[in-house]
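Peer 1: turn this into a structure:
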Amino acid sequence: INHLGTYKYCAIIISNHMEWIKQIVRLIVVVLLQVLLFDHLQIAGWGFPMVYVLFLMNMPVQIPRWAEMLIGAVVGLVFDVWHSSIGVNMAACVAFSFLRPILLGNLTQDLERVKGEIYSASIGRIEYVKCLSILTVVHHLMVFSLEAWSWHNWWMVLVQTLISSTLTILIIMGYDIFRK
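Peer 2: Numbering: from 1, shown residues only. As a prediction, this is how the structure comes out:
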C-alpha cells in the first residue's frame, strides 16, 4: 500500500477545496462592498463604480473557460437581482468573462508562468491596466447601452461609460497597489 501517494492526493484535494472556498469568500466580500458601499458612491448621477468586475478580472488563470463564463453569469445574475435589471449585468459579465482569456493571452507574453489569481504583480502593471481598462469599458458600455435600450441618447451612454469606467479602474488600481 502506497500511503505517500494517498497523502499527496488528499493534499491536492484539500488545496483545491481551499482555493474554491477562498474564491467564494472573495465573491461575498466583493458583493457586499459593491452593494453596501460602491452602489451609493456616484459622481453627479453620471459615474457609477462597478467594482465587482474586480472579482472577474482576478479569477485564476487555470479555471476552465466554461466555468469562467458560468461564474460570470452567476455574478451578473446576483447584481441583476439586486438592481432589478433583467439580464443586463449578466450579459455584461459573461462578455467580460469571455473576453478576459483572449485579452490576457494577447497582452501578456508569458501567461503560462502565471499561477493563481491575476494581479498587476503576476502579469505586469501595464498589461494588467490595459486588460482591465478594455474589459471594464466593454462591460460598462454593455450595461449602460442595455439599460438605455436605445441609441437615441448615445452620447449619455458614452459619457456614463467613460466616467464610470474611469472611476472603477481607479478604485481597482488603488486596491491593487495597496493590497500587498
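Peer 1: may I see the buried residues of stretch 53-62?
Peer 2: Neighbour counts using 16 or more other CB atoms under 10 Å place Val53, Leu54, Phe55, Leu56, Met57, Asn58, Met59, Val61 of stretch 53-62 among the buried residues. Every residue, glycine included, has its C-beta placed from N, CA and C.
Peer 1: so where's the protein shaky on pLDDT?
Peer 2: The chain contains residues with pLDDT under 70 at 1-17, 110-114, 116, 180.
Peer 1: name the nearest residue to Ile163, sequence neighbours excluded.
Peer 2: Gly47 (3.9 Å; CB to CB, 6 or more residues apart in numbering).
Peer 1: CA atoms of the helix or strand containing Asn89 as PDB?
Peer 2: Applying DSSP states H and E as the criterion places Asn89 in helix 88-107. Extracted as PDB, the C-alpha positions of helix 88-107 are listed here (Å, rounded to 0.1, in the frame of the first residue of the first chain):
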ATOM      1  CA  VAL A  88     -28.200  43.500 -18.100                       C
ATOM      2  CA  ASN A  89     -25.300  42.700 -15.700                       C
ATOM      3  CA  MET A  90     -25.400  39.000 -16.600                       C
ATOM      4  CA  ALA A  91     -24.800  39.800 -20.300                       C
ATOM      5  CA  ALA A  92     -22.000  42.200 -19.500                       C
ATOM      6  CA  CYS A  93     -20.300  39.800 -17.000                       C
ATOM      7  CA  VAL A  94     -20.500  36.900 -19.500                       C
ATOM      8  CA  ALA A  95     -18.900  39.100 -22.200                       C
ATOM      9  CA  PHE A  96     -16.200  40.200 -19.700                       C
ATOM     10  CA  SER A  97     -15.500  36.500 -18.800                       C
ATOM     11  CA  PHE A  98     -15.500  35.500 -22.500                       C
ATOM     12  CA  LEU A  99     -13.000  38.200 -23.500                       C
ATOM     13  CA  ARG A 100     -10.700  38.000 -20.400                       C
ATOM     14  CA  PRO A 101      -8.700  34.900 -21.500                       C
ATOM     15  CA  ILE A 102      -8.400  36.200 -25.100                       C
ATOM     16  CA  LEU A 103      -7.100  39.600 -23.900                       C
ATOM     17  CA  LEU A 104      -4.800  38.000 -21.300                       C
ATOM     18  CA  GLY A 105      -3.400  35.700 -24.000                       C
ATOM     19  CA  ASN A 106      -2.800  38.600 -26.400                       C
ATOM     20  CA  LEU A 107      -1.500  41.200 -23.900                       C
END
